[in-house]
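Visitor: using only what follows, build the 3D model:
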Amino acid sequence: MRRTDLSMGQDDDANEINLTPMLDVVFIMLIFFIVTASFIKEAGIDVNRPDAPVTETKPENANILVVINANDEIWIDRRHIDPRAVRANIERLHAENPKGTVVIQANKKSTNKMLVWVMDSTRNAGVYQISIADQG
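Guide: Next up, the predicted model:
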(Lines give C-alpha, C1' and ligand atoms only; values in the text may rest on other atoms or scores of the structure.)
Protein backbone atom coordinates (compact mmCIF):
# COMPACT_ATOMS: atom_id res chain seq x y z
CA MET A 1 0.00 0.00 0.00
CA ARG A 2 2.86 2.23 0.61
CA ARG A 3 4.02 1.98 -2.95
CA THR A 4 0.70 3.12 -4.28
CA ASP A 5 0.67 5.97 -1.81
CA LEU A 6 4.05 7.12 -3.07
CA SER A 7 3.04 6.79 -6.66
CA MET A 8 -0.10 8.81 -6.03
CA GLY A 9 1.93 11.66 -4.52
CA GLN A 10 4.16 11.78 -7.57
CA ASP A 11 1.17 11.85 -9.88
CA ASP A 12 -0.26 14.85 -8.03
CA ASP A 13 2.94 16.84 -8.65
CA ALA A 14 2.98 15.87 -12.31
CA ASN A 15 -0.67 16.84 -12.82
CA GLU A 16 -0.19 20.46 -11.70
CA ILE A 17 -0.38 23.09 -14.44
CA ASN A 18 2.64 25.36 -14.71
CA LEU A 19 1.33 28.93 -15.22
CA THR A 20 4.70 30.63 -15.73
CA PRO A 21 4.85 30.25 -19.55
CA MET A 22 1.26 31.48 -19.88
CA LEU A 23 2.02 34.57 -17.77
CA ASP A 24 5.09 35.27 -19.93
CA VAL A 25 2.95 35.13 -23.08
CA VAL A 26 0.30 37.43 -21.58
CA PHE A 27 2.98 39.91 -20.47
CA ILE A 28 4.58 39.97 -23.93
CA MET A 29 1.16 40.49 -25.56
CA LEU A 30 0.45 43.38 -23.18
CA ILE A 31 3.73 45.07 -24.11
CA PHE A 32 3.00 44.52 -27.81
CA PHE A 33 -0.44 46.17 -27.58
CA ILE A 34 0.87 49.13 -25.59
CA VAL A 35 3.66 49.78 -28.09
CA THR A 36 1.43 49.47 -31.17
CA ALA A 37 -1.35 51.59 -29.67
CA SER A 38 0.98 54.55 -29.21
CA PHE A 39 1.81 54.66 -32.95
CA ILE A 40 -1.74 54.63 -34.26
CA LYS A 41 -2.66 57.97 -35.86
CA GLU A 42 -6.28 59.02 -35.66
CA ALA A 43 -8.11 59.97 -38.83
CA GLY A 44 -8.92 63.63 -39.38
CA ILE A 45 -7.37 66.85 -40.46
CA ASP A 46 -4.58 68.75 -38.78
CA VAL A 47 -5.57 72.22 -37.63
CA ASN A 48 -2.97 74.88 -36.93
CA ARG A 49 -4.33 76.82 -33.99
CA PRO A 50 -2.89 80.23 -33.15
CA ASP A 51 -1.37 80.75 -29.74
CA ALA A 52 -3.39 82.84 -27.30
CA PRO A 53 -0.89 85.72 -27.02
CA VAL A 54 -0.91 86.18 -30.81
CA THR A 55 -4.70 86.56 -30.96
CA GLU A 56 -4.77 88.94 -28.01
CA THR A 57 -2.25 91.40 -29.41
CA LYS A 58 -3.63 94.12 -31.60
CA PRO A 59 -1.72 95.13 -34.71
CA GLU A 60 -0.22 98.58 -34.43
CA ASN A 61 -0.94 99.39 -38.07
CA ALA A 62 -4.30 100.64 -39.25
CA ASN A 63 -6.63 97.98 -40.54
CA ILE A 64 -8.79 98.09 -43.63
CA LEU A 65 -12.38 97.69 -42.44
CA VAL A 66 -14.88 96.11 -44.82
CA VAL A 67 -18.50 96.05 -43.64
CA ILE A 68 -21.20 93.79 -45.09
CA ASN A 69 -24.65 94.80 -43.89
CA ALA A 70 -27.85 92.72 -43.72
CA ASN A 71 -28.75 93.60 -47.34
CA ASP A 72 -25.36 92.31 -48.62
CA GLU A 73 -24.16 95.84 -49.30
CA ILE A 74 -20.41 96.35 -49.00
CA TRP A 75 -19.03 99.44 -47.29
CA ILE A 76 -15.34 100.44 -47.25
CA ASP A 77 -14.26 103.74 -45.68
CA ARG A 78 -17.94 104.69 -45.15
CA ARG A 79 -18.58 104.44 -48.88
CA HIS A 80 -20.91 102.00 -50.57
CA ILE A 81 -18.83 99.79 -52.89
CA ASP A 82 -19.95 97.59 -55.77
CA PRO A 83 -18.88 93.95 -55.17
CA ARG A 84 -16.84 94.02 -58.40
CA ALA A 85 -14.84 97.02 -57.12
CA VAL A 86 -13.81 95.46 -53.79
CA ARG A 87 -10.47 94.22 -55.13
CA ALA A 88 -9.47 97.60 -56.56
CA ASN A 89 -10.39 99.44 -53.36
CA ILE A 90 -8.48 96.99 -51.16
CA GLU A 91 -5.46 97.18 -53.48
CA ARG A 92 -5.50 100.99 -53.20
CA LEU A 93 -5.87 100.98 -49.40
CA HIS A 94 -3.26 98.26 -49.01
CA ALA A 95 -0.81 100.27 -51.13
CA GLU A 96 -1.26 103.17 -48.69
CA ASN A 97 -0.70 100.90 -45.67
CA PRO A 98 1.18 97.71 -46.70
CA LYS A 99 1.40 96.31 -43.16
CA GLY A 100 -2.32 96.70 -42.43
CA THR A 101 -4.70 93.77 -42.33
CA VAL A 102 -8.26 93.47 -43.63
CA VAL A 103 -11.08 93.14 -41.11
CA ILE A 104 -14.40 91.97 -42.54
CA GLN A 105 -17.35 92.83 -40.34
CA ALA A 106 -20.32 90.81 -41.59
CA ASN A 107 -23.88 91.12 -40.34
CA LYS A 108 -25.55 87.91 -39.16
CA LYS A 109 -28.22 88.33 -41.82
CA SER A 110 -25.73 88.74 -44.66
CA THR A 111 -25.15 85.77 -46.94
CA ASN A 112 -22.10 83.58 -46.89
CA LYS A 113 -21.78 84.10 -50.63
CA MET A 114 -21.03 87.80 -50.15
CA LEU A 115 -18.56 87.07 -47.33
CA VAL A 116 -16.68 84.57 -49.50
CA TRP A 117 -16.75 87.05 -52.41
CA VAL A 118 -15.10 89.72 -50.25
CA MET A 119 -12.53 87.25 -48.89
CA ASP A 120 -11.65 86.07 -52.41
CA SER A 121 -11.37 89.65 -53.64
CA THR A 122 -9.10 90.46 -50.71
CA ARG A 123 -6.83 87.53 -51.48
CA ASN A 124 -6.78 88.44 -55.17
CA ALA A 125 -5.69 91.94 -54.12
CA GLY A 126 -2.63 90.35 -52.47
CA VAL A 127 -3.75 90.66 -48.84
CA TYR A 128 -3.70 87.35 -46.97
CA GLN A 129 -4.11 88.58 -43.41
CA ILE A 130 -7.91 88.60 -43.07
CA SER A 131 -9.95 88.76 -39.88
CA ILE A 132 -13.69 88.24 -39.63
CA ALA A 133 -15.72 90.12 -37.03
CA ASP A 134 -19.40 89.74 -36.18
CA GLN A 135 -21.51 92.86 -36.46
CA GLY A 136 -24.56 91.37 -34.77
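
Visitor: can you list the residue ranges for helices in this structure?
Guide: 2-14, 20-37, 52-56, 86-96, 112-124 (DSSP state H).

Visitor: nearest to Leu65, of the ones you listed?
Guide: helix 86-96 (9.5 Å; CB to CB). (Glycine included, C-beta is placed from N, CA and C.)

Visitor: by contact count, what packs against the closest one?
Guide: Judged by 3 or more CB pairs under 8 Å, 6 or more residues apart in numbering; DSSP states H and E, helix 86-96 is in contact with strand 64-68, strand 74-76, helix 112-124.

Visitor: quick check: angle from the longest one to helix 86-96?
Guide: Translated: helix 112-124. Helix 112-124 and helix 86-96 are oriented at 40 degrees to each other (axes from the mean of the first three to the mean of the last three CA atoms, to 10 degrees).

Visitor: any low-confidence regions in the chain?
Guide: Regions of the chain meeting the criterion pLDDT under 70 cover residues 1-14, 38-61, 134-136.

Visitor: quick one, domains of the chain?
Guide: Using automatic domain parsing, the domain ranges for the chain come out as 2-37, 52-134.

Visitor: mean neighbour count added to those, as CSV?
Guide: CSV is the format used below for the domains of the chain (neighbours: other CB atoms under 10 Å):
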stretch, mean neighbour count
domain 2-37, 9
domain 52-134, 15
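
Visitor: can I get the helices of the chain in JSON lines with distance to Ile76?
Guide: Converted to JSON lines, these look like this (distance: least, CB to CB, whole Å):
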{"stretch": "helix 2-14", "distance to Ile76": "94"}
{"stretch": "helix 20-37", "distance to Ile76": "54"}
{"stretch": "helix 52-56", "distance to Ile76": "24"}
{"stretch": "helix 86-96", "distance to Ile76": "5"}
{"stretch": "helix 112-124", "distance to Ile76": "9"}
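
Visitor: which one of the helices and strands packed on helix 86-96 lies nearest to Phe32?
Guide: Closest approach to Phe32 among those is made by helix 112-124 (49.6 Å; CB to CB).

Visitor: packing partners of that closest one?
Guide: Counting contacts by 3+ CB pairs under 8 Å, 6+ apart, helix 112-124 packs against strand 64-68, helix 86-96, strand 102-106, strand 130-134.
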